[in-house]
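Trainee: 3D model of this:
(chains A and B)
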Amino acid sequence: MATLTVTQNFGKGASDLSVYRSLGGYSSLGPRLFDLSQFELIDLVTRSGLRGRGGAGFPTGMKWSFVPRGSGKPVYLVVNADEGEPGTFKDHVLMLEDPHRLIEGMIICGWALGVRSAYIYVRGEFLPAIETLNRALKQAYDAGLLGENIQGTGYSLDIYVHRGAGAYICGEETALINSLEGYKGQPRLKPPFPAVSGAWASPTCVNNVETLMALPWILENGPAAYQALGTPKSGGTKVFSVSGDVKRPGVYEVPMGTPLMELLEGKDLCQGIVGELKGVIPGGSSSPVLTAEEARKANLDYEALAALKTMLGSGAVIAFNTTRDVVGMLASLTRFYAHESCGQCTPCREGTGYADRILKGVVARKGRDGDLEHMLDLAANFSNTTICPLASADAWPIENFIGKFRPEFEKAVAANPGHAAPRLDDDFRPGAFW
Amino acid sequence: MGHCHAKVTQPTTDEVFSKLEVPSVLARAEELVRRYPVPRSALLPMLWLAQETIGWLPQEAIRWAAGKCDVSPVHAYGVSMFYTMYKKEPTGRFFLQICQNVSCHVLGAEDIIAHAESTLGISSKGGTTSDDLFTLLRVECLGACGNGPVMQVNDDFATDVVAGALAMPAGVQLTKERFDRIVAWCRDRAAKLPQEPLRDVSGGAFRTGGHPGAKGATTSPQRPDYAPAPPVLALSVQKTEDGKAKVTWRADGAVTALHLEARRDGGAFAPVATLSGKDKEWVGEFAAGTELRMVSESQGRRAKPSNIAKMEA
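Mentor: Numbers count the residues shown, from 1 in each chain, chains lettered A, B, ... in the order given. Alright, predicted model coming up:
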């Protein structure tokens, strides 16, 4: 059995404080944490090799070191639990199964940065998880683990759960901050980065749920032990959400660098593909798709997937078999990005909708010759021309699905008997936002 | 529901405010404002609270929330239109949301949605049955892809009925049969319970002292000195080409002074030099075997000593 650093309490009823404590929980709230200076703790997390588990993979210790101390402004910790990337559901399960580990991780992060008020931004659809978190928070307050002057150290921390209201874009950290502040969830220009000027123009650290939940283990077992679990550049373990055509979909924690096929076929893991593997989306809907052949070569760490021109992202693996229609899959993705565009930047607002309308036409057997080139041209124009990466996240699947499964797309276009005629209908023109 | 403006008849200000301006709601509104440094930031939770109380979000409820959060009604209106979960029109008692995104799509969500449409006889774009029991909506990723295709019934995930309750057991996906079972469960519940009990939209949030400095808050800001002073890390000493000792270390940016100390033959450490917190290295002369350590000082607090570095022969 591989070492588990985040999901070890699954299925043990750890959402209750006494159970969590009996499993060794909150043991870092003692000399192990309270004897550390902020500087030492940040150094320790840097040495562990922990990287942000929300998608971007930015080194956590380095992110913390950017947060200025002694600026006279309060420092905020905002937990990104706005898990909306299609295919990702690990944070949902993590919060339901082990909310106290998240709270303990937040106490540790708060100690490192001098946080007084911390907010867990949970997407609105996760009300059962919000209820679980609030029950856990109440237990922690009652036990004196949160609040003012925690265990006589002089350190105070309050944690609030902030419920989102249905917007994928709020998973982008600056959009999340805007949403927390009571605005529309539209991303901000960077710089200034949130670490310097985030929520309420104060230093703000935005971390993913899984990132924070790795901290208690790192503090207990040391940074070197955590680093040693993964590869030299991608330390530790990662929690993957596996869905699609696998025998046992679910949430699995494996060491960084594990072969993708081992995750999909391992006896204790997904136990194999249903049907014959056609392709795998390795890191959430926006990560470029892998063909079955590429998937067999892939290892699950940041560098190995980057070498295959895709990414680890949030660790959402979606496998699909040879009976699945990739045109319909891409149509489902483009519709999603068109719907979730915040409307702020023109290339994204107009471009994602335009690409979506073209593909909808292809699916409805109204495709015309040149539609695929048109979509690729649009994708090239709206990626990297906007404030946040949402448009790029639409462009990558478009480019890779069409690039890797082109014959199927051509067949879908050819299904229209009049595919060679020039397009005259107005349905596909840019313009209408919704 | 959606970003669209509601086409329904809006209740009057009096009808809405008489439900919201009651002690139980006002107490919760006050607590929400206390959680953030400025009242504006309580807008999303305030809109949720209004939606819980009224059942949906009429325009006058948005005006009420704006007043509680010190923002203009038009700002609150814009925000409420941005987020899809604020209901701009009333829905049926059981609000069924079926995920149509890629993981669920791969596993046949479209078949389930088509089945739901024909079973209930309503559109999956927000149609409501004539008995006001069901509203059906196709939505984007619900974040439970391991159970795909998935559905939410009001605020609960449901792919099956287990022991008389809605449930989403691990690995159990929504099928046409299970959808029918869930619909039957809803109809049965409607026959037994006259109306759905209120569900706390904030998930049972409890009262805390609030954000320091917020209106009505009783808490104080973080003490700057709760953690031990930052010590010097990774002190090392190397012999330069001309036989001198070059001392390097890592120190926190908050350090104001660094005290370099030395000893020989296991004696007591004696001060050698006091450096500024910004210094990065120091060069001096030491005999072989001299042991060095560094003590940092920040805002008058001395940290524990660094590791001991030894001058090589």
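Trainee: longest helix in the chain, by residue count?
Mentor: No chain specified, so I'll use chain A. Longest helix of chain A, by residue count under DSSP state H: helix A:346-363.
Trainee: hm, I was asking about chain B
Mentor: Using DSSP H, we find that the single longest helix of chain B is helix B:176-192.
Trainee: buried sites along the longest helix of chain A?
Mentor: Applying a neighbour-count criterion of 16 or more other Cβ atoms under 10 Å in any protein chain shown, one finds A:347-363 buried in helix A:346-363. (C-beta placed from N, C-alpha, C; glycine too.)
Trainee: And for it, what's in contact with it?
Mentor: Outside helix A:346-363, the residues that touch it by Cβ atoms under 8 Å, 6 or more residues apart in numbering or on different chains are A:327-328, A:330-331, A:334-335, A:337-338, A:341-343, A:367-368, A:371, A:374-375, A:378-379, A:381-382, A:385-386, A:390-391, A:394, A:398, A:409, A:412-413, A:427-433.
Trainee: Quick check: next helix or strand after it?
Mentor: Downstream of helix A:346-363, the first helix or strand assigned by DSSP states H and E is helix A:371-382.
Trainee: Pop the domain breakdown of chain B in here.
Mentor: With domains defined by automatic domain parsing, chain B comprises B:1-89+B:197-221, B:94-192, B:233-310.
Trainee: Between the two ends of the shortest one, what distance do you get?
Mentor: Between the opening and closing residues of domain B:233-310 we find a distance of 15 Å, counting by Cα to Cα, to the nearest Å.
Trainee: quick one: the closest residue to residue A:301 other than its chain neighbours and residue B:282, what's the gap?
Mentor: Sequence neighbours aside, residue A:234 is the residue nearest to residue A:301 in space, at 3.9 Å (criterion: Cβ to Cβ, 6 or more residues apart in numbering or on different chains). Counting by Cβ to Cβ, to the nearest Å, the gap from residue A:234 to residue B:282 is 37 Å.
Trainee: cool, residue B:123 as well?
Mentor: For residue B:123, the distance to residue B:282 - Cβ to Cβ - is 76 Å.
Trainee: With residue A:37 instead?
Mentor: Separation of residue A:37 from residue B:282 (Cβ to Cβ): 22 Å.
Trainee: Looking at those two, which has the bigger crowd around it?
Mentor: Taking neighbours as other Cβ atoms under 10 Å in any protein chain shown, residue A:37 and residue B:282 compare with residue A:37 leading, 22 against 18.
Trainee: Point out the residues in the stretch 201-313 of chain B that sit beside chain A.
Mentor: Contacts of the stretch 201-313 of chain B with chain A, taken as Cβ under 8 Å from any Cβ of the partner chain, map to B:201-206, B:208-212, B:219-231, B:233, B:250-254, B:303.
Trainee: Where does the prediction get shaky in chain A?
Mentor: Residue ranges of chain A with pLDDT under 70: A:1, A:424-434.
Trainee: switch to 80 and redo it
Mentor: For chain A, the stretches with pLDDT under 80 are A:1-2, A:422-434.
Trainee: how about the strands in it?
Mentor: Using DSSP state E, the strands found in chain A span residues A:75-81, A:115-122, A:158-163, A:204-208, A:237-244, A:250-255, A:258-259, A:277-281, A:290-291, A:299-300, A:316-321.
Trainee: Make TSV from those and add mean neighbour count and distance to residue A:179 to it.
Mentor: Formatted as TSV, the strands of chain A follow (neighbours: other Cβ atoms under 10 Å in any protein chain shown; distance: least, Cβ to Cβ, whole Å):
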stretch	mean neighbour count	distance to residue A:179
strand A:75-81	26	10
strand A:115-122	25	7
strand A:158-163	23	8
strand A:204-208	26	12
strand A:237-244	27	23
strand A:250-255	22	26
strand A:258-259	19	35
strand A:277-281	25	27
strand A:290-291	20	33
strand A:299-300	22	31
strand A:316-321	28	22
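Trainee: now for the ones you listed, which one comes closest to residue A:63?
Mentor: In terms of Cβ to Cβ, the element of these nearest to residue A:63 is strand A:204-208, at 6.7 Å.
Trainee: by how many degrees do the longest helix of chain A and helix A:371-382 diverge?
Mentor: Angle, helix A:346-363 to helix A:371-382, by axes from the mean of the first three to the mean of the last three Cα atoms, to 10 degrees: 160 degrees.
Trainee: and the strands of chain A as TSV, adding distance to residue B:275?
Mentor: Shown next, in TSV, are these (distance: least, Cβ to Cβ, whole Å):
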stretch	distance to residue B:275
strand A:75-81	28
strand A:115-122	31
strand A:158-163	39
strand A:204-208	30
strand A:237-244	41
strand A:250-255	43
strand A:258-259	47
strand A:277-281	54
strand A:290-291	54
strand A:299-300	46
strand A:316-321	50
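Trainee: In TSV, list the ones you listed along with distance to chain B.
Mentor: Converted to TSV, the strands of chain A look like this (distance: least, Cβ to the nearest Cβ, whole Å):
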stretch	distance to chain B
strand A:75-81	8
strand A:115-122	4
strand A:158-163	5
strand A:204-208	12
strand A:237-244	4
strand A:250-255	5
strand A:258-259	18
strand A:277-281	7
strand A:290-291	15
strand A:299-300	17
strand A:316-321	5
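Trainee: Quick check: which of those strands is nearest to residue A:95?
Mentor: Among the strands of chain A, the nearest to residue A:95 by Cβ to Cβ is strand A:75-81 (6.5 Å).
Trainee: now what about the closest one, what contacts it?
Mentor: A:54, A:67, A:69, A:91, A:95, A:102, A:106, A:109-110, A:113-123, A:126, A:129, A:171, A:173, A:176-177, A:180, A:198-200, A:202-209, A:212, B:222.
Trainee: Against residue A:401, how distant is the nearest residue to residue A:422 once chain neighbours are set aside?
Mentor: Sequence neighbours aside, residue A:368 is the residue nearest to residue A:422 in space, at 7.3 Å (criterion: Cβ to Cβ, 6+ apart). Distance of residue A:368 to residue A:401, given as Cβ to Cβ: 19 Å.
Trainee: ok, these two, which is more surrounded?
Mentor: Each of residue A:368 and residue A:401 has its neighbours counted (other Cβ under 10 Å); residue A:401 has more, 25 against 21.
Trainee: what's the burial count for the nearest residue to that one once chain neighbours are set aside?
Mentor: Once flanking residues are discounted, residue A:401 sits nearest to residue A:330: 4.4 Å by Cβ to Cβ, 6+ apart. Burial measure for residue A:330: 25 neighbouring residues, criterion other Cβ under 10 Å.
Trainee: I figured residue A:330 was touching residue A:397, is that so?
Mentor: Yes. If you go by Cβ atoms under 8 Å, residue A:330 and residue A:397 touch, sitting 6.2 Å apart.
Trainee: Now stretch B:177-189: buried residues?
Mentor: Neighbour-count burial for stretch B:177-189, counted by 16+ other Cβ under 10 Å, picks out B:178-179, B:181-183, B:185-186.
Trainee: among those residues, which are within reach of chain A?
Mentor: On the criterion Cβ under 8 Å from any Cβ, none of the entries of these sits beside chain A.
Trainee: got these as JSON lines, with pLDDT columns?
Mentor: Below are the buried residues of stretch B:177-189 laid out as JSON lines (pLDDT from 0 to 100):
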{"residue": "B:178", "pLDDT": "97"}
{"residue": "B:179", "pLDDT": "97"}
{"residue": "B:181", "pLDDT": "97"}
{"residue": "B:182", "pLDDT": "97"}
{"residue": "B:183", "pLDDT": "97"}
{"residue": "B:185", "pLDDT": "97"}
{"residue": "B:186", "pLDDT": "97"}
